[in-house]
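> next input, structure requested:
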Amino acid sequence: MKVLGIGNAIVDVLCKVDEKFLTENSLTKSTMKLIDEKEFKSLISNLTITETISGGSVANSIVGLSQLGNEVGFIGKVKDDNLGQKYEEGLKKENVNYLYSKKDELLPTGTCLILITPDSERTMCTFLGIAGKINDKDIDEKIVKKAEITFLEGYLWDEGEPKKAFDKAINHSNKVAMSLSDLFCVERHKNHFLELVKHKLDIVFANEQEILSLISSTSFDDILALGKQLQKHIVITRGDKGALAIIDGKVTECKSKKNLKIVDLTGAGDLFAAGYLHGLINNLNVEECLAKGTELSSVIIQKIGARI
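All right, here's what the predicted structure looks like:
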């Protein structure tokens, strides 16, 4: 297996909203907020659903890798309920090896309400459900060892059981990649994430806002200095300013594609990671990896949802 993804198994519910809806519900645009089941039901009762799909950040990347012809797998926790069944079917339809045996649980399958404003930005309200209860027993070390790269998401990291799952996956991986996922995640777990970046991860994916928050800086030069100091593989997306990779201190840049009809930014980072990892596991050079990531993210932002 080329890449094994481990992340939150979340059913995405996409809805179009106006700026007023965000303000009225005290939501900060372009971030992710964790909510409980009661708040989820309250929010969705006032909305019209555009689309429902099997989601989750790393799962989106894994599907993208599968669509490019790579052998991939995914571990994420769902309940043996209607949404859990649909989630598994959605991955299998995309030729992803779903490597978790769902069972009856106290909590339901996780759900993410993705609110898309007219400027194409997405604001997420996530009810983790059983996805947030993943633990080390859910991670099969034999499966992890078979993958060339294990790809983790910052959304999954949390104190307690999820951290044990994270640690087990990292300790048995051949190579570990991780997405910082979201500004909310970085600010919540800044010290832990910094330790992971410095000492545990081989490849880090982040956008400019996330990596600046991680190092408590407002200067992009500080990011470059960090990359050179750590001698790690850090990949950063910068929106219309393009993307870059810092590998062992060397910086390689790629320009963004122009004149795109942007509809929805959901999954832009997920599909960028898919394209970049595709290049990596198929021995493309760093310029080609960045170009493939940019190509996939450019396609996904011109449609609704995070699946090509």
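
> the residue most central in space within the chain and Ile139, how far apart?
Using Cα atoms, centre = their mean, the residue of the chain that lies closest to the mean C-alpha position is Ser57, 2.8 Å off. Shown here: Ser57 relative to Ile139, a distance of 18 Å by Cβ to Cβ, to the nearest Å. Heads up, the C-betas are built off the backbone N, CA and C, glycines and all.

> before we move on, what about Gly84?
Relative to Ile139, Gly84 is positioned 18 Å away (criterion: Cβ to Cβ).

> do the same with Ser213
With distances defined as Cβ to Cβ, the gap from Ser213 to Ile139 amounts to 28 Å.

> phi, psi of the residue nearest to Val58 when sequence neighbours are not counted?
Nearest residue to Val58, sequence neighbours excluded (Cβ to Cβ, 6 or more residues apart in numbering): Gly7, at 3.3 Å. Per-residue torsions, Gly7: phi -160, psi -170 (degrees, to the nearest 10).

> just the pLDDT for Gly7.
The predicted structure scores Gly7 at 95 on the pLDDT scale.

> for Ser213 and Ile139, indicate the residue with more neighbours.
More crowded of Ser213 and Ile139, by other Cβ atoms under 10 Å: Ile139, with 23 against 19.

> pretty sure that one is touching Ile6, no?
Yes. When contacts are counted by Cβ atoms under 8 Å, Ile139 is listed as touching Ile6 (7.0 Å).

> which neighbours do the two have in common?
For the pair Ile139 and Ile6, residues contacting each of them under the criterion Cβ atoms under 8 Å, 6 or more residues apart in numbering are Ile75, Ala165, Ala169.

> show me what the helix or strand containing Ser66 is packed against.
Secondary-structure element containing Ser66, defined by DSSP states H and E: helix 57-67. When contacts are defined as 3 or more Cβ pairs under 8 Å, 6 or more residues apart in numbering; DSSP states H and E, helix 57-67 sits against strand 3-6, strand 72-75, helix 82-93, strand 149-153, strand 176-179, helix 268-281.

> pick the most buried one from the ones you listed.
Relative to the other members of these, strand 3-6 carries the highest mean neighbour count by mean count of other Cβ atoms under 10 Å, namely a mean of 30.

> give the partner strands of that strand in its sheet and their orientations.
Using DSSP bridges, strand 3-6 pairs in its sheet with strand 72-75 (parallel), strand 149-153 (parallel).

> contacts for the first one, please.
The reference is to strand 72-75. If you take Cβ under 8 Å, 6+ apart as the criterion, strand 72-75 is touched by 1-7, 9, 58-59, 62, 65-66, 91, 96-100, 134, 138-140, 143, 147.

> which residues of the stretch 51-200 of the chain score low on pLDDT?
Segments of the stretch 51-200 of the chain classed as low confidence (criterion: pLDDT under 70) are not present in this model.

> wait, what's in contact with Glu71?
Under the criterion of Cβ under 8 Å, 6+ apart, the neighbours of Glu71 are Met1, Lys2, Asn97.

> re the thing from before, nearest to Asp36, out of the strands paired with strand 3-6?
When the strands paired with strand 3-6 are ranked by distance to Asp36, counting by Cβ to Cβ, first place goes to strand 149-153 at 21.1 Å.

> could you dump the helices and strands packed on helix 57-67 into CSV with distance to Thr31 added?
As requested, these are exported to CSV (distance: least, Cβ to Cβ, whole Å):
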stretch, distance to Thr31
strand 3-6, 23
strand 72-75, 25
helix 82-93, 24
strand 149-153, 16
strand 176-179, 15
helix 268-281, 13
